[in-house]
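everything below, folded, please.
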Amino acid sequence: MERSLRDYQFIIYAVVFVASFTVLIIASNQLLFHNAFLNAAAFDVGDWVYWIFALSFIFTITMAYLMVKNLKDRAKFESMINSPSKSIFVRNMNDLEMLAARLGKSYKIQLDQAKEKWKVK
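Sure thing, here's the model as predicted:
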């Protein structure tokens, strides 16, 4: 089965979240806390630390939002595709197709298998 980049989007969001959160901690230590333990990991960038703090804060919040949104979309897709009734499945077809396109190729394959199961075009 060929996988697309969308199949790995949660992992990408998580890696960027961890990296930006780490930089946020280091930058906030330089600006606010001045903890001796984190000074070894600090980077000397002068006044750029304000920009680094702001960007890492924005990236951390954005990636956390995207991770939560991705998890909610996956849960919604799973609950709709495993519906016990064909009428519920057909009623949610537009949402399922939208979620499958957003989540990746493996979810499109799952949707196609469910369509075959319920004999829906």
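
so the residue nearest the centre of the chain versus Arg3, what's the distance?
The residue at the geometric middle of the chain, judged as the C-alpha nearest the mean C-alpha position with C-alpha atoms, centre = their mean, is Met67 (2.9 Å). When C-beta to C-beta, to the nearest Å is applied, the distance between Met67 and Arg3 equals 19 Å. Glycine gets a C-beta too; all of them are placed from N, C-alpha and C.

for the residue of the chain positioned farthest from its centre, give me the pLDDT.
What lies farthest from the middle of the chain is Ala36; by C-alpha atoms, centre = their mean that is 33.4 Å. As summarised for this prediction, Ala36 has a pLDDT of 75.

quick one, phi psi at it?
Here the main-chain torsion angles of Ala36 (degrees, to the nearest 10) amount to phi -70, psi -30.

roughly how far does it sit from Asn29?
In terms of C-beta to C-beta, Ala36 sits 10 Å off from Asn29.

and what of Lys115?
Summarising the geometry, the distance separating Lys115 from Asn29, computed by C-beta to C-beta, is 53 Å.

follow-up on the earlier one: look up how far Gln30 lies from the residue farthest from the centre of the chain.
Ala36 sits 12 Å away from Gln30, going by C-beta to C-beta.

name the SS class of Gln14, please.
Residue 14: Ala, not Gln. With DSSP: H, G, I helix; E, B strand; the rest coil as the basis, the three-state label of Ala14 is helix.
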